[in-house]
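take this sequence and fold it.
(2 chains)
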Number of protein chains: 2
Amino acid sequence: MKVVTLAGGVGGAKLADGLARCLSPQDLTIVVNTGDDFVHFGLKICPDLDTVCYTLAGLANPETGWGRAGETWHTLNALEALGAPTWFQLGDQDLATHLERTRRLAEGETLSEVTQFFCQRWGIQHRVLPMSDDVVQTVVETDLGDLSFQEYFVKYRFEPSVRGFRFEGATQATAAPGVLEAITSSEIVIFCPSNPWVSIDPILAVSGVRQALLRAKVIAVSPIVGGKALKGPAAKMFAEIGIPPSVQAVALHYGSLLSGFVFDRLDAAEELEIRSVGVRTLVTDTVMKNPADRQRLATEILTFAQQELLP
Amino acid sequence: MKVVTLAGGVGGAKLADGLARCLSPQDLTIVVNTGDDFVHFGLKICPDLDTVCYTLAGLANPETGWGRAGETWHTLNALEALGAPTWFQLGDQDLATHLERTRRLAEGETLSEVTQFFCQRWGIQHRVLPMSDDVVQTVVETDLGDLSFQEYFVKYRFEPSVRGFRFEGATQATAAPGVLEAITSSEIVIFCPSNPWVSIDPILAVSGVRQALLRAKVIAVSPIVGGKALKGPAAKMFAEIGIPPSVQAVALHYGSLLSGFVFDRLDAAEELEIRSVGVRTLVTDTVMKNPADRQRLATEILTFAQQELLP
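Sure thing, here's the model as predicted:
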């Protein structure tokens, strides 16, 4: 079974890792949001790509889900001593990734090529693709004005009230090499339990992606559990946009793209209503606390896909 | 006595520090070579400015003369694990300087302003000025072709044979604010025992500097001791250009700019010939092994200036 998965940061990385534990490298392509990417201290930083790659490589910090295990903070401490902005946590090891990415991009490599280089170095066998090699910037429209995603998320700790979103550059952006081909030749596309507004939507906004998905069987995994987001501002965003956060709200958000929908037992009461719009459902434990959870959830989703969605 | 000193890296930083121990902040301006500056991993690195500032601030590594005391190397080790270029030693604390400089330049500050910021942060009271806020690039013409200074000096460990030098951008560059004013209002200008070819000459090449020096009493301190350079490629450069390295060669290099010349007791035999062209001389111990040496040499030079060069 050929599978493509769309992933954002921590939640997406966990399920992508689970899928990588179930599928061979030629059967899984992981397409990662780059709308959060930004330039900080002159360095190109790709938070979601890094989280996904660190997780797949077994380099991720298991406590936080982002950043690297055994990280040290000497440069950040020296920045703090200078009174420089330290709202974005730059670990010493993590910095090497940003430095080398910046260097390679300046030498003319594409983000896809740089990502492939990191995957090779870190022994990641499954294909990890940025959604685009072009710059797409997620702008969060808030009561404080327009904020880049990292400012909103990290600097302002997602406290400002959200009014809307824009993905600047998305319609002009070309999907990265292999993205559309992977989607159109896949049997299943899985939207990870990432934030629908700012992790999955930026990928869907890239020119050609929605079109390619029309021919695919799409399964989304809800990042909302019991009316709350496991991590980050997804529930808060739904509420501020005027939609009570729930698994139904997530399913409605993706609308007609969905063939299947996976959500937590906590929200089992909503199953009938979701099925009533013609979407197949899998109700299970969706919270991934450890690598075994990731693999178990991935296995269940793949079985569900095979049994309920494929001919 | 108002003094300006022109400085390159380690040797220049030591004498500048000695002068700062003798002169009040309003009486000393340190003008630093920026021809070695380069962009590495997207970061603006100013090796001579950093060496001078770290030394004046008491932050320098006393073993090497460059870099910071108590430095750690986590990012560099992670870069090495990635197979990234590690020929330039980027310490974790030092990296914070390059990151913050890059960030401030990108926000529109000039190199002078950034340097002033670092001096304030690090408690440096004497005025440290880059030679120019414009980019000037020292190119070393070698048997391997043209090399940027850092490539020549660090990456190739000054092994290629030198044919000549260029200071790209120097004639179009404007001296940084305060440089020409400091020179023209000074009683004495001291060329530190820095490399004449690649530390002092780039400063002299900046538009207006040579002109301003015509009105000043210039004292050069020889970086050549006993026919050898204390550090770095100065002697090798003289030889490859076809000039036997000696204190006389240094004095001739600066030519009519000089009013006074300071060199080591080891080379005392050359004193008469140097004096014969009308240059006053100070023969003393010029090797600075510790802060007391720096202060002693600076005191001797200032006394020499007062007694022999000023009315």
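
apart from its neighbours in sequence, what residue is nearest the residue in the stretch 101-250 of chain A positioned nearest to chain B?
Of all residues in the stretch 101-250 of chain A, the one sitting closest to chain B is A:Thr102 (3.8 Å; CB to the nearest CB). The C-beta positions use only the backbone N, C-alpha and C, and glycine is treated the same way. Among residues not flanking A:Thr102 along the chain, B:Gly42 sits closest, at 3.8 Å (CB to CB, 6 or more residues apart in numbering or on different chains).

kindly report the same for A:Glu273.
Counting by CB to CB, 6+ apart, the nearest residue to A:Glu273 once its immediate chain neighbours are dropped is A:Gln248, at 6.0 Å.

around chain B, which positions in the stretch 101-250 of chain A sit nearby?
Where the stretch 101-250 of chain A comes near chain B, counting by CB under 8 Å from any CB of the partner chain, the residues are A:102-103, A:106, A:118, A:121.

just the buried ones from these, in PyMOL syntax?
Of those, the buried ones go into a single PyMOL selection, burial set by 16 or more other CB atoms under 10 Å in any protein chain shown:
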select buried, chain A and resi 102+103+118+121
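
and the two most separated of the residues of the stretch 101-250 of chain A next to chain B?
For those, the farthest-apart pair by CB to CB is A:Ala106 and A:Arg121; their separation is 18.5 Å.

what residue ranges in chain A score low on pLDDT?
Judged by pLDDT under 70, chain A has no weakly predicted residues.

hey, where'd the strands end up in it?
Read by DSSP state E, chain A holds these strands, from start to end of the chain: A:3-7, A:28-32, A:38-40, A:43-45, A:127-130, A:137-142, A:145-148, A:162-168, A:188-191, A:217-221, A:224-225, A:228-229, A:258-264, A:280-284.

show me what the first one is in contact with.
Just to be clear, that refers to strand A:3-7. In this structure, residues lying in contact with strand A:3-7 by CB atoms under 8 Å, 6 or more residues apart in numbering or on different chains are A:12-13, A:15-16, A:19, A:23, A:27-33, A:48, A:52, A:131, A:182-183, A:186-192, A:194, A:199-200, A:203-204, A:216, A:302, A:305.

can you say which of those are buried?
Among the contacts of strand A:3-7, the ones that count as buried by 16+ other CB under 10 Å are A:12-13, A:15-16, A:19, A:23, A:27-33, A:48, A:52, A:131, A:182-183, A:186-192, A:194, A:199-200, A:203-204, A:216, A:302, A:305.

doesn't A:Arg210 make contact with A:Ala175?
No - taking contact to mean CB atoms under 8 Å, the distance of 10.7 Å between A:Ala175 and A:Arg210 leaves them out of contact.

compare these two and say which is more crowded by neighbours.
Neighbour totals were compared for A:Ala175 and A:Arg210, and A:Ala175 leads with 23 against 12 (other CB atoms under 10 Å in any protein chain shown).

the more buried one pairs with what?
According to DSSP bridges, the residues that bridge with A:Ala175 are A:Ser132.

ok so, going back, which residues touch the residue nearest to A:Thr102?
Going by CB under 8 Å, 6+ apart, B:Gly42 touches A:42-44, A:99, A:102-103, A:106, B:102.

mind listing what A:Val287 touches?
Contacts of A:Val287 were listed using CB under 8 Å, 6+ apart, and they are A:225, A:230, A:264, A:293.

residues in contact with the residue of the stretch 201-311 of chain A found nearest chain B?
Taking CB to the nearest CB as the measure, the point where the stretch 201-311 of chain A comes nearest chain B is A:Pro291, at 23.1 Å. Contact partners of A:Pro291, counting by CB under 8 Å, 6+ apart, are A:17-18, A:21.

could I get those residues in TSV, plus columns for neighbour count?
As requested, the contacts of A:Pro291 are arranged in TSV below (neighbours: other CB atoms under 10 Å in any protein chain shown):
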residue	neighbour count
A:Asp17	23
A:Gly18	25
A:Arg21	16
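
of those residues, which is the nearest to chain B?
Proximity of these to chain B, judged by CB to the nearest CB, is greatest for A:Asp17, which lies at 21.2 Å.

wouldn't the closest one be in contact with A:Ala57 here?
No - counting by CB under 8 Å, A:Asp17 sits too far from A:Ala57 to count as a contact (9.6 Å).

bridging residues for A:Val4?
A:Thr29, A:Val189.

what about it, how many neighbours?
29.

next one: it from A:Leu28, what distance?
A:Val4 sits at a distance of 8 Å from A:Leu28 (criterion: CB to CB, to the nearest Å).

any chance of the contacts of A:Val287 in JSON lines, with neighbour count and distance to B:Ala268 too?
Compiled in JSON lines, the contacts of A:Val287 are given as follows (neighbours: other CB atoms under 10 Å in any protein chain shown; distance: CB to CB, whole Å):
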{"residue": "A:Val225", "neighbour count": "19", "distance to B:Ala268": "84"}
{"residue": "A:Leu230", "neighbour count": "19", "distance to B:Ala268": "78"}
{"residue": "A:Asp264", "neighbour count": "19", "distance to B:Ala268": "87"}
{"residue": "A:Asp293", "neighbour count": "16", "distance to B:Ala268": "80"}
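
need these in CSV (columns: distance to A:Asn77).
Putting the contacts of A:Val287 into CSV (distance: CB to CB, whole Å) gives the following:
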residue, distance to A:Asn77
A:Val225, 36
A:Leu230, 31
A:Asp264, 40
A:Asp293, 34
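
which pair of these spans the longest distance?
Looking at the contacts of A:Val287 by CB to CB, the two members farthest from one another are A:Val225 and A:Asp293, with 13.2 Å of separation.

grab the nearest non-local neighbour of A:Phe164.
Actually, residue A:164 is Gly rather than Phe. Closest residue to A:Gly164 in three dimensions, ignoring its sequence neighbours and counting by CB to CB, 6+ apart: A:Glu141, at 4.3 Å.

wait, the one you found touches A:Phe167, no?
No - A:Glu141 is not in contact with A:Phe167 according to CB under 8 Å; the separation is 11.6 Å.

and for the residue nearest to A:Pro62 when sequence neighbours are not counted, the neighbour number?
Of all residues beyond its chain neighbours, the one nearest A:Pro62 is A:Ala69 (6.5 Å), with distances taken as CB to CB, 6+ apart. As a burial measure, A:Ala69 scores 13 neighbours (other CB under 10 Å).

what sits against A:Ala69?
When contacts are taken as CB under 8 Å, 6+ apart, A:Ala69 is in contact with A:59-62.

with A:Arg121 instead?
Residues in contact with A:Arg121, defined by CB under 8 Å, 6+ apart, are B:81-83.

rerun that using 10 Å as the cut-off
Under the criterion of CB atoms under 10 Å, 6 or more residues apart in numbering or on different chains, the contact partners of A:Arg121 comprise A:53, A:57, A:97, A:100, B:81-84.

one more: A:Gln26?
When contacts are counted by CB under 10 Å, 6+ apart, A:Gln26 touches A:2, A:125-127.

widest-spaced pair of the residues you listed?
Using CB to CB, the contacts of A:Gln26 reach their maximum pairwise distance at A:Lys2 and A:Gln125, which is 15.7 Å.

so for those two, which sits in the more crowded spot?
Neighbours per residue (other CB under 10 Å) separate A:Lys2 from A:Gln125, with A:Lys2 holding more: 15 against 12.

tell me how far the closest residue to that one other than its chain neighbours lies from A:Arg127.
Of all residues beyond its chain neighbours, the one nearest A:Lys2 is A:Ser186 (4.5 Å), with distances taken as CB to CB, 6+ apart. Plainly put, A:Ser186 is 12 Å away from A:Arg127 if you go by CB to CB.
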